[in-house]
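Engineer: After the sequence you'll find the predicted model.
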Amino acid sequence: MPRKLEQQPELEPPTEWWDEVMERAKTIGDKRHIEHWNPRKAAKALWMLAQGNSILGISKETGLDRQTIRSLSWRHTDTLETKRKEFSKSCALAAEEFTDLIFARAQQLHENPEELAKISPDKLALTVGIMLDKSTQLAGMASTIIEHRKGTSISDAALIIAEARARIANKVKVITIDAELA
């Protein structure tokens, strides 16, 4: 069954990950670190981290506990940042390619009304929404608007409530005093 929102890892990470783990193991004196006792799992975990997999997902895939994966991440922060940028670039190139395919498909649908009629309106609306969101983001426009309204602050409201309670207490005293006089 495919994983949700995570890339499927290959069976083994590329050799550059193995080399990184072996080099880092030389600089780490503590032999209890995973780089010493299981460098292949360390390389696989690092590789999966760089691809954006969750710590829980990596733990399930490798059998390593979450603390070991977090420690590995801290010791290899520099490598992960470099590799994340490489993965990001690859994903951006793929997104550009698929964007071209979407436009080509849209042109085909425009020219063939029968095929266009087979596509549900909700799928078209979702596509339009995503494309509009991305276009505003790329144009530097706000994709979310936060409105700040002026009104009574919490401290002002507390003061108003205290004043109202004081007025009520004074009325009760006046009524009580009037009752005693009568």
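Structural biologist: That came through, no problem. Numbering: from 1, shown residues only.

Engineer: excluding its backbone neighbours, what's nearest Gln108?
Structural biologist: Spatial nearest neighbour of Gln108, excluding adjacent residues (C-beta to C-beta, 6 or more residues apart in numbering): Glu115 at 7.1 Å. All C-beta spots, glycine's among them, are computed from the backbone N, C-alpha and C.

Engineer: Tell me how far that neighbour lies from Arg167.
Structural biologist: From Glu115 over to Arg167 the distance is 73 Å, taken as C-beta to C-beta, to the nearest Å.

Engineer: Per-residue pLDDT of the residue nearest the centre of the chain, please?
Structural biologist: In the chain, the residue lying closest to the centroid (C-alpha atoms, centre = their mean) is Gly52, at 10.1 Å. At Gly52, the predicted lDDT confidence score is 82.

Engineer: What of the one 3 residues further on?
Structural biologist: The score at Ile55 is 91. That number is its pLDDT.

Engineer: Number of residues surrounding it?
Structural biologist: Neighbouring residues of Ile55 were enumerated by other C-beta atoms under 10 Å; the total is 18.

Engineer: Over to Arg105?
Structural biologist: Using other C-beta under 10 Å, Arg105 has 12 other residues around it.

Engineer: what about it, distance to Ser120?
Structural biologist: In terms of C-beta to C-beta, Arg105 sits 15 Å off from Ser120.

Engineer: what does stretch 110-125 rub up against?
Structural biologist: By C-beta atoms under 8 Å, 6 or more residues apart in numbering, the surrounding residues in contact with stretch 110-125 are Gln108, Leu109.

Engineer: ok, now with 10 Å
Structural biologist: Stretch 110-125 is contacted by residues Arg105, Ala106, Gln108, Leu109, Leu126, Thr127 when judged by C-beta atoms under 10 Å, 6 or more residues apart in numbering.
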